[in-house]
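Visitor: Have a look at this prediction, sequence included:
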Amino acid sequence: MLKLCLPLCSTVIMLILLAAIFVLHIACIIILLTATIDNAWWVISAGNLPTDIWARWVFVNNSWHSVDLPTHYPESYLQAVQASSVLACIFSIIGIFVFVAQLFTLPKGQRFLVSGVFQFLACLCIMIAASIYTDRFHTNEQNLGSYGHCFILAWIAFALTFLSSIIYFVLRKKTAE
């Protein structure tokens, strides 16, 4: 009876682990997309003016309107933040498709390497975007506003994508044994 239970228990544990990794990866994608698309990387305290990496938002006549970003924003750094954020989303989305494809096509020991690499690239891209934004934007405006929830989500996405990539690499080693 015990001999029959051991393979079944290890299979169930592996399925639960794969489901948890899948859920973590989906959560990373949702957080990355929210951080990239939503409109609150910086919020000016006076007047509640949120600014994202694409535009500044102004509440006029009971509706939100998009206006251009201030001219003192360094254009090349802004484009680097935008590109890095979008690349992080793309790499993470590709990573989930590769994860599902690897489950059914590759032998044990090779399954999760490519998914881990894509998650690590997403991790690096969102870290680059958030780091540039921290270093180059709003350095002289600390008393006028604060970082918004999208900026915080970008750093949370960095931590989660890093954790996810490490889990893929460790899981690859476990399945190779």
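Guide: On my side now, so go ahead. Just so it is clear, the structure is predicted and the values come from calculations on it, not from any experiment.

Visitor: Let me see the ranges of the helices in this protein.
Guide: Along the chain, counting by DSSP state H, helices occupy 2-37, 75-105, 113-136, 149-176.

Visitor: nearest to residue 63, of these?
Guide: Smallest distance to residue 63 across the helices of the chain (Cβ to Cβ): 18.8 Å, for helix 2-37. For glycine as for every other residue, the C-beta is placed from the backbone atoms N, C-alpha and C.

Visitor: Quick check: buried residues in the closest one?
Guide: Burial within helix 2-37, assessed by neighbour count using 16 or more other Cβ atoms under 10 Å, is assigned to 21, 24, 25, 28, 29, 31, 32, 33, 34, 35, 36.

Visitor: tilt between that helix and helix 149-176?
Guide: 150 degrees (axes from the mean of the first three to the mean of the last three Cα atoms, to 10 degrees).

Visitor: What is helix 2-37 packed up against?
Guide: When contacts are defined as 3 or more Cβ pairs under 8 Å, 6 or more residues apart in numbering; DSSP states H and E, helix 2-37 packs onto helix 75-105, helix 113-136, helix 149-176.

Visitor: I'd like the mean pLDDT over the first one, please.
Guide: Confidence over helix 75-105 (mean pLDDT, whole number) is 93.

Visitor: Quick one: closest of the helices of the chain to residue 45.
Guide: helix 149-176 (14.7 Å).

Visitor: before we move on, the earlier item: let me have the helices of the chain in a markdown table, extended by distance to residue 59.
Guide: Listed next are the helices of the chain as a markdown table, based on distance: least, Cβ to Cβ, whole Å:
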| stretch | distance to residue 59 |
| --- | --- |
| helix 2-37 | 19 |
| helix 75-105 | 23 |
| helix 113-136 | 23 |
| helix 149-176 | 17 |
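
Visitor: between those helices, which one is nearest to residue 49?
Guide: helix 149-176 (14.2 Å).

Visitor: Quick check: buried residues in the closest one?
Guide: The neighbour-count check on helix 149-176 (16+ other Cβ under 10 Å) flags 149-151, 153-158, 160-162, 164-165, 167-169, 171-172 as buried.
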